[in-house]
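> the following comprises the amino acid sequence and a computationally predicted model.
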Amino acid sequence: MIELSALWEPIRLSLQTAVAALLIVFVAGTAAGWCMSRYTFRGKLIIETIFLLPTVLPPTVVGFLLITIFGTYGVVGNFLYSLFDLSLMFTWTAAVITAVIVAFPFMYQSVKVGLDSVDRDIENAARVDGASEWEVFLFISLPLSLKSIISGLVLSFSRALGEFGATFMFAGNIPGRTQTAPIAIFTAMEAGNMTLAWTLVIILVVLSFAMLLSIRTFAR
């Protein structure tokens, strides 16, 4: 018999974490994609490589770097703790930060690809007609790259929802606080509770399948 709280809490935390991360990633990824697609500057290749680095780094490396930066004795973490008595490690905020880091590359890359495919002549024609850069971006560039943006949103949400290793290291495994569904699956397996583990796995598989199916349906 599965306790409802043991099933619901990890799913709730995963969804809340993924949604919060998605809101941040949408703004940051869209802005970064626009800048990298529309402007050329020194060091652009290095910056773009840094943006995409989380996709190839092992989760333990990402977790270690987050602890080094945002941990109590990290560069940012020590500053926050000294000034505001604020510690990010082993909090829900830490889970969100981790989700943002691992999901950002998917949003950024999707937006950049979408914007790269937009005909620049259309944008230039709008500028000639008196449209501001903001109007060009909002009413021309974004609508014409909408499919790529939606694909980026779905992929970013899926990545944030399934994050495990870095979250485990940085946010910990605290039931009802930082124990997301992937971490709950690991914990259930260690405890021999395969019924709970399988139930969580099935829920995540169904969610992931639905999101991937929505991408393919929308892109047709």
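That came through, no problem. Numbering: from 1, shown residues only.
> what helix or strand does Ala188 sit in?
helix 181-190 (DSSP states H and E).
> what does that helix contact?
Contact with helix 181-190 is made by 6, 9-11, 13-14, 161-164, 167-168, 173, 175, 179, 194, 196-197, 200-201, 203-204, as judged by Cβ atoms under 8 Å, 6 or more residues apart in numbering. For every residue, glycine as well, the C-beta is placed using N, CA and C.
> buried ones only from the residues you listed, please, as a PyMOL command.
Those of these that count as buried under 16 or more other Cβ atoms under 10 Å are selected in PyMOL with:
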select buried, resi 6+9+10+11+13+14+161+162+163+164+167+168+173+179+196+197+200+201+203+204
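> so Leu52 sits right up against Phe106, yeah?
No - between Leu52 and Phe106 there is no contact under Cβ atoms under 8 Å: 9.6 Å.
> which residue of the two possesses the greater neighbour count?
Applying other Cβ atoms under 10 Å to Leu52 and Phe106 shows that Phe106 carries more neighbours, namely 24 against 15.
> so where is the protein shaky, pLDDT-wise?
Applying pLDDT under 70 to the chain picks out residues 1-2, 219-220.
> in the protein, what residue spans correspond to strands?
In the chain, no strands are found when defined by DSSP state E.
> quick one, helices of it?
Secondary structure of the chain (DSSP state H): helices at 4-38, 44-52, 59-70, 75-84, 92-116, 120-128, 133-136, 142-144, 146-162, 165-170, 181-190, 194-219.
> list the buried residues in the fifth one.
Along helix 92-116, the positions that meet the burial threshold by neighbour count (16+ other Cβ under 10 Å) are 92-115.
> try the fourth one
The neighbour-count criterion (16+ other Cβ under 10 Å) identifies Gly77, Tyr81 as the buried residues of helix 75-84.
> send me that helix as PDB with only the CA atoms.
Extracted C-alpha coordinates of helix 75-84, given in PDB (Å, rounded to 0.1, in the frame of the first residue of the first chain):
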ATOM      1  CA  VAL A  75      31.800  32.700  -3.600                       C
ATOM      2  CA  VAL A  76      28.100  33.700  -3.800                       C
ATOM      3  CA  GLY A  77      26.900  31.600  -0.900                       C
ATOM      4  CA  ASN A  78      29.400  33.100   1.500                       C
ATOM      5  CA  PHE A  79      28.300  36.600   0.500                       C
ATOM      6  CA  LEU A  80      24.600  35.800   1.000                       C
ATOM      7  CA  TYR A  81      25.300  34.100   4.300                       C
ATOM      8  CA  SER A  82      27.400  37.000   5.600                       C
ATOM      9  CA  LEU A  83      25.100  39.800   4.600                       C
ATOM     10  CA  PHE A  84      21.600  38.200   4.900                       C
END
